[in-house]
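> Here you go, sequence then predicted model.
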2 protein chains.
Amino acid sequence: MAETKIPKATAKRLPIYYRYLNILHDSDKNRVSSTELSEAVKVDSATIRRDFSYFGALGKRGYGYDVDSLLKFFKKILNQDKLTNAALIGVGNLGNALLNFNFHQNSNVRISAAFDVRPDLANTVQSGVPIYPMSELRKQLEDQQIKIVILTVPESVAQNVTDDAIAGGVRGILNFTPLRVSVPTNVRVQNVDLTNELQTLIYFLDHYNEEE
Amino acid sequence: MAETKIPKATAKRLPIYYRYLNILHDSDKNRVSSTELSEAVKVDSATIRRDFSYFGALGKRGYGYDVDSLLKFFKKILNQDKLTNAALIGVGNLGNALLNFNFHQNSNVRISAAFDVRPDLANTVQSGVPIYPMSELRKQLEDQQIKIVILTVPESVAQNVTDDAIAGGVRGILNFTPLRVSVPTNVRVQNVDLTNELQTLIYFLDHYNEEE
DNA sequence: TTTTTATTGAAAATTATTTCACAAATCGTC
DNA sequence: GACGATTTGTGAAATAATTTTCAATAAAAA
């Protein structure tokens, strides 16, 4: 399934490249060099070439990379040639913003179902997405074959909800709660911890002055 | 200023430790081992000990770490013993959610000013935070001595707004736009790219199955 | 007191990632 | 075609981060 395992650091950069390739494509550029890419995405050009080379020789010496074929290649690699459905669990403050956040505009992901405990939300439609009661979580995930969830519930219930979601077949979790949830090894968690990010930023400001 | 430069990977974990130490403190635990911490924060115990050791010998062999003194230490290190004001630029969909997101509850950061282009928003107060017109960005940042901004504007204006903010003295940017903004070396950018996170998650799901 | 158990701190080994630097390939021009 | 200018792809070196290992020490038990 994997093409001889790409480094994680590389994998995390692929969407960044993909995004900029789309921009180039939309502006009808058909050729790009690693140096040019480097400036746009703020990644060293040697790193970009190394990243690309894990997938084979994608460029041409003395020429650069062909935008269209590179784009097509990454679209495939990133599964962006198919639509991926995700579920949002917890339609509170942040959850609501994510419902309106148009993932589908920039990527082939869309939130196709949402869940919340509040009885007045259950069985309504918010921003075009049906909201189900939490009691239906497992069943709906199974029925709709949803493999990815976005977790925006209160920390106190995060682990329970996670367990439920995994029971429903979920394989990837975008976790906005500060809790580091426990999951089996075949489930992937990507943590987005806003308080953390701010604190890290403050730390760097105070301790890594005037350099990079 | 810096205590002989800590690895970046370590710096990013400090807020995670800090948060869990607070939880331990609140539940009146006064001692913790690296193994116990490890389970809670999902970081290998050796990595935790290594991380701590950059700051000196904080623990006691055969005993573990004293929660209170460790907490006090990290509070200082992370500047959480002082209040840090941040500004939010762009009170749209996501920006609004962040205004309501209580950073102050979990950390000593609060959003003390917000900015938006919409004339109907300017000079109102949203969730207790005054909204200023964009034209006042630089002046307000200077006057209020705000060094950190949260950027939730449309991508198309991200670079301009960033330049303005930096002219106003900003040193750290939590960037929610997909644009990799250009900044001088003494300004730090922390990118939070939601579409990216989802795409990375999908990539890992498809290519790094059944292992870790 | 002595022994056992728990646990850190740090050196060393390992693994992962980035960067350098250059030969090889290709392009565009004369 | 030959030549100079570009630009990739990649070994090798450098740097960064994690993990192993274990001596030293503290606390608890005998």
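On my side now, so go ahead.

> biggest helix in chain A, by residue count?
helix A:8-26 (DSSP state H).

> three-state assignment of the residue nearest to the spatial centre of chain A?
The residue lying closest to the centre of chain A (Cα atoms, centre = their mean) is residue A:174, at 7.4 Å. Following DSSP: H, G, I helix; E, B strand; the rest coil, residue A:174 is assigned to strand.

> now swap in the one 3 residues further on and tell me
Local secondary structure at residue A:177 is given as coil here, using three-state DSSP.

> what's the closest non-adjacent residue to it?
Nearest-residue entry for residue A:177: residue A:158, 4.3 Å, with adjacent residues in sequence omitted and distances by Cβ to Cβ, 6 or more residues apart in numbering or on different chains. Just so you know, the C-beta spots here come from the backbone N, C-alpha and C atoms, and that holds for glycine as well.

> now residue A:19
In space, residue A:19 is closest to residue B:178, 6.1 Å off (Cβ to Cβ, 6+ apart).

> count of neighbours near the one you found?
Residues contacting residue B:178 under the criterion other Cβ atoms under 10 Å in any protein chain shown number 18.

> quick one: contacts for it?
Contacts for residue B:178 (Cβ atoms under 8 Å, 6 or more residues apart in numbering or on different chains) come out as A:19, A:106, B:155, B:193, B:195, B:196.

> Columns neighbour count, secondary structure and distance to residue B:146 on top of the residues you listed, output as a markdown table?
Below are those laid out as a markdown table (neighbours: other Cβ atoms under 10 Å in any protein chain shown; DSSP: H, G, I helix; E, B strand; the rest coil; distance: Cβ to Cβ, whole Å):
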| residue | neighbour count | secondary structure | distance to residue B:146 |
| --- | --- | --- | --- |
| A:19 | 21 | helix | 29 |
| A:106 | 21 | helix | 29 |
| B:155 | 13 | helix | 23 |
| B:193 | 20 | coil | 23 |
| B:195 | 19 | helix | 28 |
| B:196 | 21 | helix | 27 |
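
> Out of the residues you listed, which one has the lowest pLDDT?
The member of these with the lowest pLDDT is residue A:106, at 83.

> Just confirm residue A:154 contacts residue A:90, I think it does.
Yes: in terms of Cβ atoms under 8 Å, residue A:154 counts as a neighbour of residue A:90; the distance is 7.5 Å.

> out of these two, which sits in the busier spot?
Neighbour count, other Cβ under 10 Å: between residue A:154 and residue A:90, residue A:90 has more, with 25 against 12.

> wouldn't the more buried one be in contact with residue A:115 here?
Yes: counting by Cβ under 8 Å, residue A:115 is a contact partner of residue A:90 at 7.3 Å.

> returning to what we had before: how close does the residue nearest to the centre of chain A sit to residue B:174?
Separation of residue A:174 from residue B:174 (Cβ to Cβ, to the nearest Å): 18 Å.

> same deal with residue A:40?
Applying Cβ to Cβ, the value for residue A:40 to residue B:174 is 21 Å.

> circling back to that earlier point, next one: the residue nearest to residue A:19 from residue A:103, what distance?
Distance of residue B:178 to residue A:103, given as Cβ to Cβ: 12 Å.

> Residues that sit against both of those two, list them.
With Cβ under 8 Å, 6+ apart, residue B:178 and residue A:103 have common neighbours residue B:195.

> what's around residue A:41, how many residues?
Residue A:41 has 17 nearby residues by other Cβ under 10 Å.

> Could you check how many residues crowd around the residue in chain A that DNA strand C sits nearest to?
The nearest approach of chain A to DNA strand C comes at residue A:62, 2.3 Å away (Cβ to the nearest atom of the strand). Using other Cβ under 10 Å, residue A:62 has 5 other residues around it.
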